[in-house]
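In: model this:
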Amino acid sequence: MLRNFRCNRCGSCCYTPRLYNADIARIKKTGIEEEDFVQKDFRDIHYLKEKDKKCMFLKKGKKTACRIYNARPKICRQYPSELINRSCKPEELASDKLFQK
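Out: Have a look, this model is predicted:
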């Protein structure tokens, strides 16, 4: 994680990340059914569903918030890291690049 990072709650980082089994299990424990939040691509890789080109769990308003903050995916827990640029928008993750062709 980046030190001294101050989130302005703009929501720019809230894209639809890849989900791993532990992420899916953690979100399901909140009572949300897997089919309601998981989408698969043609390679059978799991991602969060999106709404308006953002994460479906992004709550927009005066300040944005995550509706599943305590159960958010691992990559969201690790944010921010050196993988972001100065505008808060995440760069592609190295792990995701392995699967893109």
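
In: quick one: least confident helix or strand in this protein?
Out: In the chain, no helix or strand scores lower on mean pLDDT, DSSP states H and E than helix 94-97, which sits at a mean of 46.

In: okay, and for the chain, where does confidence drop off?
Out: By pLDDT under 70, the weakly predicted segments of the chain are 1-3, 81-101.

In: so which residue is smack in the middle of it?
Out: Pro17 (4.2 Å; C-alpha atoms, centre = their mean).

In: I'd like the distance between that residue and Arg72.
Out: Applying C-beta to C-beta, to the nearest Å, the value for Pro17 to Arg72 is 9 Å. Using the backbone N, CA and C atoms, a C-beta is placed for each residue, glycine as well.

In: that older thread, quick check: the residue nearest to the centre of the chain touching Arg77?
Out: No: shown here, Pro17 and Arg77 do not form a contact pair, counting by C-beta atoms under 8 Å, at 10.6 Å.

In: have a look at the protein and report its longest helix.
Out: helix 21-28 (DSSP state H).

In: ok, and what's touching the helix or strand just after it?
Out: Proceeding N to C from helix 21-28, the next assigned helix or strand is helix 34-37, under DSSP states H and E. Applying C-beta atoms under 8 Å, 6 or more residues apart in numbering, the external contacts of helix 34-37 come out as 24, 27-28, 48-49, 56-57.

In: all strands of this protein, in order?
Out: Counting by DSSP state E, the chain has strands at residues 38-40, 46-48, 50-51, 54-55, 58-59, 65-66.

In: now render those as JSON lines, adding distance to Asn8.
Out: Supplementary listing: the strands of the chain in JSON lines, determined by distance: least, C-beta to C-beta, whole Å:
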{"stretch": "strand 38-40", "distance to Asn8": "28"}
{"stretch": "strand 46-48", "distance to Asn8": "22"}
{"stretch": "strand 50-51", "distance to Asn8": "21"}
{"stretch": "strand 54-55", "distance to Asn8": "16"}
{"stretch": "strand 58-59", "distance to Asn8": "14"}
{"stretch": "strand 65-66", "distance to Asn8": "13"}
